[in-house]
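Asker: mind looking at a prediction? Sequence and model below.
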Amino acid sequence: GQSLEQPSEVTAVEGAIVQINCTYQTSGFYGLSWYQQHDGGAPTFLSYNALDGLEETGRFSSFLSRSDSYGYLLLQELQMKDSASYFCAVINQAGTALIFGKGTTLSVSS
Amino acid sequence: DTEVTQTPKHLVMGMTNKKSLKCEQHMGHRAMYWYKQKAKKPPELMFVYSYEKLSINESVPSRFSPECPNSSLLNLHLHALQPEDSALYLCASSQEGDRGGEQYFGPGTRLTVT
């Protein structure tokens, strides 16, 4: 089977840095994805890590350690608009679809 | 064009009605998906079409019936639904096999079953 663990809630203030961790158990690992979803909206792809290391895209970075079955999403220079749910996800064993973690609700205050 | 469109945006239907949800993408993606999402929960996979063929049916009740008329279109036919089927229904697409983990989601159809 496959399972992902991530914190349910994180709070921070504008301008801060926040890290959302994700640990996973899966057979046939291909890579770790991150999605953002605002209330009432659809999930939006943020990043994908297939190899160990850090991937940076603007204010967001994502990290993967395959040996530790662990990854994180790093959000810098937080803005109010970053308040959303963030999901980590892995490809299922058949390599055909995503399995999502339960999501982390990020609340950014001024 | 990185857009996935879905219609309708909102749907209210009775338990005896038949309705259809529609999804369209023009990114040349060969895999398309239906997800169901309840409030405060992650998306749950329902169906996967790869090259217009159903490749995954996650033990979804037969009152949900998917259809892929061509590589750009995906439908979800609804019949005799239950109130617990009320949810956000999301369509997504990706390159075939989705080994890149990158899917593009439509805005969803918010379904209410009365």
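Answerer: Yep, it's here. Numbers count the residues shown, from 1 in each chain, chains lettered A, B, ... in the order given.

Asker: and the lowest-mean-pLDDT helix or strand in chain B, what's buried?
Answerer: When each helix and strand of chain B is scored by mean pLDDT, DSSP states H and E, strand B:53-57 comes last, with a mean of 83. By neighbour count, with 16 or more other C-beta atoms under 10 Å in any protein chain shown as the criterion, the buried positions of strand B:53-57 are B:I56. Just so you know, the C-beta spots here come from the backbone N, C-alpha and C atoms, and that holds for glycine as well.

Asker: which residues does the residue nearest in space to the middle of chain B contact?
Answerer: For chain B, the residue nearest the mean C-alpha position is B:W34 (2.9 Å; C-alpha atoms, centre = their mean). Taking C-beta atoms under 8 Å, 6 or more residues apart in numbering or on different chains as the criterion, B:W34 is in contact with B:C23, B:L45, B:M46, B:F47, B:P66, B:L74, B:L76, B:Y89, B:L90, B:C91.

Asker: tell me the two of those residues that are most distant?
Answerer: B:C23 and B:L45 (14.6 Å; C-beta to C-beta).

Asker: which of the two has more residues huddled nearby?
Answerer: The neighbour count for B:C23 versus B:L45, taken as other C-beta atoms under 10 Å in any protein chain shown, is higher for B:C23 (27 against 21).

Asker: what's the helix or strand for the more buried one?
Answerer: Using DSSP states H and E, B:C23 sits within strand B:18-25.

Asker: follow-up on the earlier one: what pLDDT, on average, does the one helix or strand the residue nearest to the centre of chain B maps to get?
Answerer: Taking DSSP H and E as the definition, one finds B:W34 inside strand B:31-37. The pLDDT scores in strand B:31-37 average 94.

Asker: quick revisit: can I get the contacts of B:W34 in TSV with distance to chain A and secondary structure?
Answerer: Formatted as TSV, these follow (distance: C-beta to the nearest C-beta, whole Å; DSSP: H, G, I helix; E, B strand; the rest coil):
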residue	distance to chain A	secondary structure
B:C23	12	strand
B:L45	5	strand
B:M46	10	strand
B:F47	9	strand
B:P66	13	strand
B:L74	14	strand
B:L76	16	strand
B:Y89	11	strand
B:L90	6	strand
B:C91	9	strand
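
Asker: closest one of these to A:S33?
Answerer: Nearest to A:S33 out of the contacts of B:W34 is B:L45 (C-beta to C-beta; 13.8 Å).

Asker: thinking that closest one is in contact with B:Y35, fair?
Answerer: Yes: if you go by C-beta atoms under 8 Å, B:L45 and B:Y35 touch, sitting 5.8 Å apart.
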